[in-house]
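Q: 3D, please:
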Amino acid sequence: MKSIKEAEMITGISSQNIRYYEKQRLLSPSRNAENSYREYSQEDINRLKLIKLFRKLDVPIGDIRRLIDGETTLEETMLLQVYRLQSEKERLDEAITFCSKIQEQQLAELDVDQYLHQMEEREKKGSVFKQFINDYKEVVKSEMAREFSFMPEVRCDTPEEFSESLLKYGQENNRNMVILKESMSPRLLIDGVEYYAYRTSSRYGIVIHCEMLYPQDYIPAGMSEKKYRRYRIFSLLALPVLFFLICNFWVVRDLFATATPLESLLGLFIVIILFAADLCFLYYCYGKNFKG
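A: Here you go, the predicted model:
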């Protein structure tokens, strides 16, 4: 076992950063029973080296945590990082292009307003869509960790059956689960993160849902809770809306082409009702609900 100073010397990571990685749940060294000092095993040292490698590649802390926790694969993490780096490369290429243009002029002749306008126009064209795509991907990944569900083997009519089903799921999926409060709406720790669980009825039987309790555990860094909720609603509705529009495009087109304004308004109302019914049925079939 190594002390934090020895771990610092071996890995080249400062003790301050090592403590920061612990706070970010990237590793959890044991404590000496006599003095409560941190003690780092060889596995912890290897973990720190792995973190150092990924940080040198500018992989975000959240992505490293999800990779270590087994929520994503190495291939998925690297593909996402390649996309980020390519986006950054495009930005740097744009900057190099402008630097090349500017260096050919004298400072007194430099038209600052013109170059600022050109740069802002290029940023407006590309940055808004890219930011939307990046934010959407982060929200989808966070949603996969924020909430998950499974179908237990029993109905879970008692708190004891509920807890047994949760613990069994944890064992089968190699997740560390600790029941904090045994009830029909139990609180539990999953890999150190606090969740609460509840059950719903679906077309195919009872479904147990587990959701993170605190927003700071799943909302991506730098994103507000309000913005996260907007993206979450979009992620829930985007696919059903697209599927509905594709399936009903010709019907809707013919309806609005031949109907009077009043009939068109009534038809639109009926289409909305049908879509809402289809959406509710879809979510019922898979044990979903509109909570949160």
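
Q: Now the closest residue to residue 139 other than its chain neighbours, what are its backbone angles?
A: Nearest residue to residue 139 in three dimensions, chain neighbours excluded: residue 231, at 4.0 Å (Cβ to Cβ, 6 or more residues apart in numbering). For glycine as for every other residue, the C-beta is placed from the backbone atoms N, C-alpha and C. With angles defined as degrees, to the nearest 10, residue 231 sits at phi -70, psi -40.

Q: measure residue 51 to residue 135 for me?
A: For residue 51, the distance to residue 135 under the criterion Cβ to Cβ, to the nearest Å works out to 25 Å.

Q: For the two, indicate the residue with more neighbours.
A: Set side by side, residue 51 and residue 135 show more neighbours around residue 51, with 23 against 17, by other Cβ atoms under 10 Å.

Q: Helix or strand for the more buried one, just tell me which one.
A: Residue 51 is part of helix 42-56, with elements assigned from DSSP states H and E.

Q: what's that helix packed up against?
A: helix 4-11, helix 15-23, helix 61-68 (3 or more Cβ pairs under 8 Å, 6 or more residues apart in numbering; DSSP states H and E).

Q: ok, back up a step: burial of the residue nearest to residue 139, as a residue count?
A: Residues near residue 231, counting by other Cβ under 10 Å: 20.

Q: confidence score at residue 101?
A: We have a pLDDT of 73 for residue 101.

Q: does it count as helix, strand or coil?
A: Each residue gets one of three states, and residue 101 gets helix by DSSP: H, G, I helix; E, B strand; the rest coil.

Q: That one: neighbouring residues, count only.
A: Taking other Cβ under 10 Å as the criterion, the count of residues near residue 101 is 11.

Q: measure it to residue 25 for me?
A: Per Cβ to Cβ, residue 101 is found 47 Å from residue 25.

Q: Might you list the low-confidence residue ranges for this structure?
A: Applying pLDDT under 70 to the chain picks out residues 103-110, 115, 119, 122-130, 236, 238-259, 271, 274-275, 277-292.

Q: end to end, how far does stretch 174-186 reach?
A: Counting by Cα to Cα, to the nearest Å, you get 20 Å between the two ends of stretch 174-186.

Q: Residues contacting it, please?
A: Outside of stretch 174-186, the residues that reach it under the criterion Cβ atoms under 8 Å, 6 or more residues apart in numbering are 70, 159-160, 162-163, 166-167, 169-170, 187-192, 194, 196-199.

Q: Now with 10 Å, please.
A: Residues from elsewhere that reach stretch 174-186 (Cβ atoms under 10 Å, 6 or more residues apart in numbering): 69-70, 148, 156-164, 166-171, 187-192, 194-199, 208, 210.

Q: follow-up on the earlier one: let's have the helices and strands packed on helix 42-56 in JSON lines, adding distance to residue 87 and mean neighbour count.
A: Listed next are the helices and strands packed on helix 42-56 as JSON lines, based on distance: least, Cβ to Cβ, whole Å; neighbours: other Cβ atoms under 10 Å:
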{"stretch": "helix 4-11", "distance to residue 87": "30", "mean neighbour count": "16"}
{"stretch": "helix 15-23", "distance to residue 87": "26", "mean neighbour count": "14"}
{"stretch": "helix 61-68", "distance to residue 87": "15", "mean neighbour count": "18"}
